[in-house]
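A.B. asks: next input, structure requested:
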Amino acid sequence: MEETTKCPFCSEEILKDAKKCKHCGEFLEKGVRPQPQYIPKKSSGLAAILSLCCVGLGQIYNGQFIKGFLYFFVFVILLIWAGFMGIGSIFMGSLTAVLLIPFIFGVLPIISFWIFGMVDAYKTSERINKGEV
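C.D. replies: Numbering: from 1, shown residues only. Modelled structure (predicted):
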């Protein structure tokens, strides 16, 4: 019969020659234990500020390149759409239509999407720092 000893982590009986505890999964030899990888922290504030400067830049800072370029592309489309809304409303005649329609269908979506991009960049960097992403 082989010699046994107690695991220093969970106090269960294990073989004396064991390199890893079969009960708790801890490595018993220091040289065998895998070293934790260093993951640089992302600044959540910087991610939000970058998205404030240019939509999608915070996502690119977080390493989400496709998402960042997609956000920028959608933002440009919204800007073009707002321009068409402004030009189209001029022909409606009334001052309310000229001011209200471009604001509701042009400016509000742009501001909403811009804020959404900043919040998304901030929260994503928080999740990266927690190791969830």
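A.B. asks: buried stuff in the top helix by length along the chain?
C.D. replies: Identified as the longest helix of the chain according to DSSP state H is helix 65-90. Within helix 65-90, the residues scored as buried using 16 or more other Cβ atoms under 10 Å are 67-68, 71-72, 75, 78, 82, 85-86, 89. Where you see a C-beta, it was placed from the backbone N, CA and C, and this is true even at glycine.
A.B. asks: check stretch 49-65 too.
C.D. replies: Buried-residue list, stretch 49-65, by 16+ other Cβ under 10 Å: 49-51, 55-62, 64.
A.B. asks: tell me the one of the residues you listed nearest Ile101?
C.D. replies: Ranked by distance to Ile101 (Cβ to Cβ), the buried residues of stretch 49-65 are led by Val55 at 23.2 Å.
A.B. asks: what sits against the closest one?
C.D. replies: 71-72, 75, 113-114, 117 (Cβ atoms under 8 Å, 6 or more residues apart in numbering).
A.B. asks: make TSV from those residues and add pLDDT and distance to Ser125 to it.
C.D. replies: Compiled in TSV, these are given as follows (pLDDT from 0 to 100; distance: Cβ to Cβ, whole Å):
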residue	pLDDT	distance to Ser125
Tyr71	96	15
Phe72	96	18
Phe75	94	20
Phe113	94	19
Trp114	94	17
Gly117	95	13
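A.B. asks: what is the neighbour count of Cys25?
C.D. replies: Actually, residue 25 is Gly. It isn't Cys. Look at Gly25: counted by other Cβ atoms under 10 Å, it has 9 neighbours.
A.B. asks: secondary structure element for Ile14, which one?
C.D. replies: strand 13-15 (DSSP states H and E).
A.B. asks: leaving out chain neighbours, which residue sits closest to the residue nearest to the spatial centre of the chain?
C.D. replies: The residue lying closest to the centre of the chain (Cα atoms, centre = their mean) is Thr124, at 2.3 Å. The shortest distance from Thr124 to any non-neighbouring residue, by Cβ to Cβ, 6 or more residues apart in numbering, is to Asn62 (5.0 Å).
A.B. asks: all set now, cheers.
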